[in-house]
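Novice: Return atomic coordinates for the entry below.
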Amino acid sequence: MNGIEYIKQSVSELLGNGFGGHDDKHVFRVYNMAMGFCDDIPTANRDLVAAGALLHDCDDYKLFGAESARLLTNTRHILAGSGFDDEFVDKCIEIVKTIGYSKRLDGIVPNSIEGQIVSDADMADATGLIGIIRCIEYRAYRSERGEPFFDPDCLPVEMDAAKYKQTTYCPIVNHFFDKLFRLRDMALTDPGRKCIVKRHETIFNFLQTYFDEVDAPQVWRELLAQYA
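Specialist: Presented below is the predicted three-dimensional model:
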């Protein structure tokens, strides 16, 4: 078993039970997209992209807590058994450290082309129809009170990384404005940008139709129009 196959198996064992939209299915979609982006960026190290994509959620603070996210406990453990050399491991860890929406809100951006590819693939999987489904799945997973899909009285607020992590009440529609609609402007590569722009249109049209059907207040329609 080569290093990438070992990482695939380890990630499946770690995330395969499902974490509300952050399971191994998400990881393998990101992996497949990232490999597709590599076809348009031949200078990228494909193994490094593959490993970064596969490992990017293995220490997500939402799943494993702040300590694991800080130390990258699971990521380091899997890489230690992968057979890759220290230089490769260090580069992969640097990629994983820079992936995630809350990190982008803090101004953390991947420096390497490999990290940029992984970031775009991860953000692309948060948009489009699959992004909508993941958003609903995650809200169901984390909400003990059963947050509504739409609360007309709960308008979106300007988000920084701290607010994003600490938000305790977030109807699903708000998450479109807190995150999903903003991803289009965070793309770092040409193939990633094309993919996210196309998927952005899907989530925009979905919410526009939804607002029509529920006769949403005008203030919400005006908010949505900013992301056309």
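Novice: use CA for all of it now, contacts and neighbours both
Specialist: Will do.
Novice: so what secondary structure elements neighbour the top helix by length along the chain?
Specialist: Assignment by DSSP state H gives helix 190-214 as the longest helix of the chain. When contacts are defined as 3 or more C-alpha pairs under 8 Å, 6 or more residues apart in numbering; DSSP states H and E, helix 190-214 sits against helix 24-40, helix 113-124, helix 128-142, helix 218-225.
Novice: List the contacts of it.
Specialist: 37, 40, 117, 120-121, 123-124, 127-129, 132, 180-181, 183-184, 187, 220-221, 224, 227-228 (C-alpha atoms under 8 Å, 6 or more residues apart in numbering).
Novice: Is it possible to mark the buried ones in those residues?
Specialist: Among these, the ones that count as buried by 16 or more other C-alpha atoms under 10 Å are 37, 117, 120-121, 123-124, 127-128, 132, 180-181, 183-184, 187, 224.
Novice: got the buried residues for stretch 24-36?
Specialist: By neighbour count with 16+ other C-alpha under 10 Å, stretch 24-36 contains the buried residues 24, 26-35.
Novice: Show me what secondary structure element comes after the least confident helix or strand in the chain by mean pLDDT.
Specialist: Ranked by mean pLDDT, DSSP states H and E, the weakest helix or strand in the chain is helix 161-166, scoring a mean of 64. Proceeding N to C from helix 161-166, the next assigned helix or strand is helix 172-178, under DSSP states H and E.
Novice: tell me what that following helix is packed against?
Specialist: Counting by 3+ C-alpha pairs under 8 Å, 6+ apart, helix 172-178 packs on helix 128-142.
Novice: Dump the helix it packs on to CSV, restricted to CA.
Specialist: What follows is helix 128-142, C-alpha atoms only, in CSV (Å, rounded to 0.1, in the frame of the first residue of the first chain):
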residue,chain,number,x,y,z
GLY,A,128,-23.7,24.3,-5.2
LEU,A,129,-26.4,21.8,-4.3
ILE,A,130,-24.1,19.7,-2.3
GLY,A,131,-23.2,22.7,-0.3
ILE,A,132,-26.9,23.3,0.5
ILE,A,133,-27.3,19.7,1.6
ARG,A,134,-24.2,19.8,3.7
CYS,A,135,-25.3,23.0,5.4
ILE,A,136,-28.7,21.3,6.3
GLU,A,137,-26.9,18.1,7.5
TYR,A,138,-24.5,20.0,9.7
ARG,A,139,-27.2,22.2,11.3
ALA,A,140,-29.2,19.0,12.1
TYR,A,141,-26.0,17.4,13.6
ARG,A,142,-25.1,20.2,15.9
